[in-house]
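In: When you get a sec, could you give me coordinates for this:
(one chain, ligands or ions: 2)
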Amino acid sequence: MSPSWLDRLSGGLARTREQLGDRIAELVGRGPEVGEGFWDGLEETLIAADMGAGPASAITAALKSRSRREDLPDAAAVEVALVDLIAAQMPVHPDPLAESPLTVLFVGINGTGKTTSVGKIAAEAAGAGRNVVIGSADTYRAAAIEQLRVWADRASVPIVERERGADPASVVFDTLAVARENGSDLVLVDTAGRLHNSADLMQELAKVQRVARAQSVFPVKSLLVIDATTGQNGIAQARAFHDALELDGIILTKLDGTARGGIAVAIATQLGLPIVRIGVGESLEDLRPFDATEFARALILGR
Ligand SMILES: Nc1nc2c(ncn2[C@@H]2O[C@H](COP(=O)(O)OP(=O)(O)OP(=O)(O)O)[C@@H](O)[C@H]2O)c(=O)[nH]1
Ligand SMILES: [Mg+2]
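Out: Ligands and ions are numbered 1, 2, ... in the order given. Next up, the predicted model:
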């Protein structure tokens, strides 16, 4: 039997959990007279996991006040309380991808997991009975079109593509025409990776979005795909893309590739945008909706 999502999530977060767990155990092992040193150490540990200074400080302060009010007798009790407090930091949002009908643009810097996310979400949605069409608006590389076609075939979903070098906005135009013909209720558009500090490329993307908004009879959502291994730079990417496009959410991939998976907490608390999906591996089953409590448990307790 293939592992369940919770096993995959827990496995994906193992590197972060080991570091956090080791440091928390070390801190707790110093004895019952928990002093300021303990709290400073905890805060540093959370920052080292990339949760961000603000959330790390808020979580530490809340745990400190809880430990004064209640008796937290041992490491296990501290860990359970920590799970609650980490989860409580992260706002809950409805899943934007649950909306129907819908057009979705996938944007982000190079190599973050845009194309594979389009493929995985197409397969998931088609499996759930939605009428999906994929648009291949990454026209820079022939390989990008090929790669997306493989995913589309696997999901048995139609794909709209044009020759390499074509205007990405024109692919969006064509894709939306096919969606109307097919009576589709979910349009997923892949775009080329681009640096958030390249003004030309950001303008090109804004044009793609304008065409989508003008041509789509469905609401248009723009999701930024962030690679968790880029750490705090992901926050900077999100701010730049949000300025250009007004994002609707984040897909956070490659949490399995880092010991700094706390970046999900920083993103969830600092951007005011929902984390729509998280990725913990390359297979279809490794991209799933984000649940704050599930995530916090897997991060700290591993189950
Ligand atoms: N380990 C791991 N690998 C992932 C995850 N998500 C995506 N990948 C891998 O990351 C690599 C890049 O993914 P793509 O989907 O091609 O990335 P992209 O953003 O479309 O890249 P460009 O189009 O070049 O900008 C692929 O090998 C994916 O399998 C994840 O959650 N974990
Ligand atoms: Mg791609």
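In: Show me what the residue of the stretch 201-303 of the chain found nearest ligand 1 bridges to in the sheet.
Out: Using CB to the nearest ligand atom, the single residue of the stretch 201-303 of the chain nearest to ligand 1 is residue 279, 2.7 Å away. Quick note: C-beta positions are derived from backbone N, CA and C, even for glycine. Listed beta-bridge partners, residue 279: residue 287 (assigned using DSSP bridges).
In: Retrieve the pLDDT associated with it.
Out: Looking at residue 279, its pLDDT stands at 98.
In: Run through the strands of this structure in chain order.
Out: 102-107, 132-137, 159-160, 186-191, 220-227, 249-253, 275-279, 287-288 (DSSP state E).
In: Parallel or antiparallel, list what pairs with the fourth one.
Out: Listed by DSSP bridges, the sheet partners of strand 186-191 and their directions read strand 102-107 (parallel), strand 132-137 (parallel).
In: which residues make contact with it from outside it?
Out: 100-107, 114-115, 118, 121-122, 125, 130-138, 144, 148, 168, 171-172, 175-176, 179, 205, 208, 212, 216, 218 (CB atoms under 8 Å, 6 or more residues apart in numbering).
In: Same question for the first one.
Out: Around strand 102-107, the neighbours that count as contacts under CB under 8 Å, 6+ apart are 96-97, 114-115, 117-118, 121, 176, 179, 185-191, 194, 205, 208-209, 212, 216, 218-225, 241, 245, 247, 251.
In: Identify the residues contacting the residue most central in space within the chain.
Out: The chain has residue 252 as the residue nearest its centroid, 2.1 Å off, counting by CA atoms, centre = their mean. Residues near residue 252 by CB under 8 Å, 6+ apart: 226, 228, 234, 263, 264, 267, 275, 277, 278, 279, 290.
In: Chain neighbours aside, what residue packs nearest to the first one?
Out: In this structure, residue 226 finds its nearest non-sequential neighbour in residue 234, 4.2 Å apart by CB to CB, 6 or more residues apart in numbering.
In: contacting residues for that neighbour?
Out: 226, 227, 228, 252, 263, 267.
In: Count the neighbours of the first one for me.
Out: It stands for residue 226. Residue 226: 29 surrounding residues under other CB atoms under 10 Å.
In: What of residue 143?
Out: The number of residues near residue 143, taken as other CB under 10 Å, comes to 11.
In: any idea how far it lies from residue 151?
Out: Relative to residue 151, residue 143 is positioned 13 Å away (CB to CB, to the nearest Å).
In: Ok, residue 137 next?
Out: In terms of CB to CB, residue 137 sits 15 Å off from residue 151.
In: can you list the residues of the stretch 101-250 of the chain near ligand 2?
Out: Applying CB under 5 Å from the ion, one finds that the stretch 101-250 of the chain approaches ligand 2 through 114, 115.
In: Looking at the stretch 101-250 of the chain, what residue ends up closest to ligand 1?
Out: Per CB to the nearest ligand atom, residue 193 is where the stretch 101-250 of the chain lies closest to ligand 1, at 2.3 Å.
In: Isn't that residue up against residue 108?
Out: Yes: between residue 193 and residue 108 there is a contact at 6.4 Å, judged by CB atoms under 8 Å.
In: shared neighbours, the two?
Out: Contacts common to residue 193 and residue 108, judged by CB under 8 Å, 6+ apart, are residue 114.
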